[in-house]
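# Quick one, structure for this:
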Amino acid sequence: TGLAQTHLGLSWMAGAQGRTGEALSQSRLSLSHFQAAGRRSGQASALNNIGWYLAENGEYEQALTHCEQALTIVHELGDLNSQAHTCDSLGYIYRHLDRHLQAISSYQQALDLFRTTGDSYGEATCLSYLGDTYEDAGQIDAACQAWQHALDILGRLEHPDADRVCAKLRER
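Below is the predicted model of the structure:
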């Protein structure tokens, strides 16, 4: 379990630094160790990470498979926070597959869960992605509304991501 958690942490660090290939490799190592240890919650985290990094590499169908597996596990475990993050990942994947209705639905599920768990930053990030999806679907008013809500939350949190969301609103 310790090795699995270490690899998971290394994957997050690599991903945050834009080293997607390394993040994917570390996530796969993490999954292998969580499986060996029989830790289902860790497996779900690793599967969601693998799905996210595959999506960032444009491998959306493979990403979808991994995130769906993660979602099944976190539903079984009743882990609302992980469900929120996995639904957010699925929204991202569906958006890039041009399946806007499924993306919007996944983001809405994630938003409900982020609100339930009190994860304001997760909610704001999800709202920003939801706005991007609405924009892709040609629903500019809905996009601006989602971005504005994200900006309000990020402003309250005094988070630097507020500048990025503000720029989206200014462009529209």
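# Any idea how many residues pack against Phe58?
I think there's a mix-up here, since residue 58 is Gly and not Phe. Residues near Gly58, counting by other CB atoms under 10 Å, number 9. C-beta here means a position set from N, CA and C on the backbone, and glycine is covered the same way.
# hey, where'd the helices end up in the protein?
Applying DSSP state H to the chain gives helices spanning 2-16, 20-37, 40-56, 60-77, 80-96, 100-117, 120-136, 140-157, 161-171.
# buried sites along the last one?
What it means is helix 161-171. 161-162, 165-166, 168 (16 or more other CB atoms under 10 Å).
# now, among those, which is nearest to Ser128?
Val165 (5.4 Å; CB to CB).
# quick one, what contacts that closest one?
124, 128, 131, 147, 150-151, 154 (CB atoms under 8 Å, 6 or more residues apart in numbering).
# again with Met13
Met13 touches nothing, counting by CB under 8 Å, 6+ apart.
# for His7, same thing?
So His7 contacts 26-27, 29-30, 33 (CB under 8 Å, 6+ apart).
# Starting from Val165, give me the distance back to the nearest residue to it once chain neighbours are set aside.
Nearest residue to His7, sequence neighbours excluded (CB to CB, 6 or more residues apart in numbering): Ser30, at 3.8 Å. Per CB to CB, to the nearest Å, Ser30 is found 31 Å from Val165.
# Ser25 now?
Distance from Ser25 to Val165, counting by CB to CB: 31 Å.
# Kindly report the same for Ala37.
Distance of Ala37 to Val165, given as CB to CB: 39 Å.
# tell me, how many neighbours does Leu80 end up with?
Leu80 has 15 neighbours, counted by other CB under 10 Å.
# I'd say it and Thr116 touch.
Yes. Taking CB atoms under 8 Å as the definition, Leu80 is a contact partner of Thr116 at 5.9 Å.
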